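# here's my sequence, what's the structure:
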Amino acid sequence: MNEFVVITGMSGAGRSHAANYLEDLGWFVIDNLPPSLIDKVSELVAAPGSTINQVALVVGTSRYVDEILPAVGALRSHADRVRILFLDCATDELVRRYETTRRRHPFDERSGVGAAIESERVALEPLRAEADVTVDTSDLNVHQLRDRIRDLFADDMDGAMKVSVLSFGFKHGMPLDVDLVFDCRFLPNPHWIEELRPRTGLDAPVRDYVLDQDVTRPFLTRLVDMLVHLLPAYVQEGKSYLTVAFGCTGGHHRSVAISEEIAVQLATRGWNPSISHRDIER
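Below you'll find the model as predicted:
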């Protein structure tokens, strides 16, 4: 089976880092590849005697925006599996990164970095809409991005849909790279219990407080039933990745406890999701 991952996305969002981590996982990586050469690479991979079966192609966007999707479409017509990995990032964080590196943004036409980033975001929207998986790197350090890439692509030759469960705090902003979002702020908040405030949803006292509320168990029962119904439908539609996110005010208590419980419930049903807590240390 020959499979390809096309790595693209916002300039400064971490495409090169993602490629390096895929290379660490054993993928053959080609950086800064023009879309016109994608078909030639696929021919070489499919040639008799080739020992390469996992290829990551890093495609820059500044010069080739209009060429990427047609090239990927052509690749999908004859490769066994093709996915688009789109790296996204909040504008203010991208501005900070460019100010730190002093690099010129490829969309900059003397209008400033912020305006260049927004121009690129508009230009890439069709590509982002077609992506199989989007990773928001706004709040990820290099180690967290490595872990995210590993969760998504390690031991992935079976083609099964990857399910991720995420907790976050609404006061830190909505995550960009999720498919289903559930608001846990209707649950009583452990923050207002003095002995629970410094703890998190990973601690048994907080977990028990959240899960023992009268409203929690009916919510979890209905939610698990819904997810068990939806996940096979997503697989049938060809979705490769699904991220289910749970938010509370700060991302420390309710969303963490609910995320952990949902991950356990899905695991007992054979989905084996990865789990992460975006704001638990804030």
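
# how about Glu23: what's its closest non-neighbour residue?
Val29 (4.5 Å; CB to CB, 6 or more residues apart in numbering). For glycine as for every other residue, the C-beta is placed from the backbone atoms N, C-alpha and C.

# tally of neighbours for that neighbour?
Look at Val29: counted by other CB atoms under 10 Å, it has 21 neighbours.

# mind listing what's buried along stretch 66-79?
Within stretch 66-79, the residues scored as buried using 16 or more other CB atoms under 10 Å are 68-69, 71-72, 75, 79.

# for Val45, state which of these is nearest.
Ala79 (8.1 Å; CB to CB).

# if you count contacts, what does the longest helix anywhere in the chain end up packed against?
Criterion DSSP state H: the longest helix present in the chain is helix 216-236. In terms of contacts (3 or more CB pairs under 8 Å, 6 or more residues apart in numbering; DSSP states H and E), helix 216-236 is packed against helix 204-211, strand 241-248, helix 254-267.

# where exactly do the strands run in the protein?
Ranges of strands in the chain, per DSSP state E, are 3-9, 28-30, 54-58, 81-88, 133-136, 162-169, 180-183, 241-248, 274-277.

# could those strands go into TSV alongside distance to Arg15 and mean pLDDT?
Output for these, formatted as TSV (distance: least, CB to CB, whole Å; pLDDT from 0 to 100):
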stretch	distance to Arg15	mean pLDDT
strand 3-9	5	94
strand 28-30	11	95
strand 54-58	6	94
strand 81-88	5	94
strand 133-136	10	93
strand 162-169	20	95
strand 180-183	26	97
strand 241-248	18	95
strand 274-277	21	94
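
# now the ones you listed in a markdown table, with distance to Pro218?
Listed next are those as a markdown table, based on distance: least, CB to CB, whole Å:
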| stretch | distance to Pro218 |
| --- | --- |
| strand 3-9 | 40 |
| strand 28-30 | 48 |
| strand 54-58 | 44 |
| strand 81-88 | 35 |
| strand 133-136 | 32 |
| strand 162-169 | 20 |
| strand 180-183 | 14 |
| strand 241-248 | 16 |
| strand 274-277 | 23 |
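
# Asp108 is nearest to which of these?
Closest of these to Asp108 is strand 3-9, at 17.4 Å (criterion: CB to CB).
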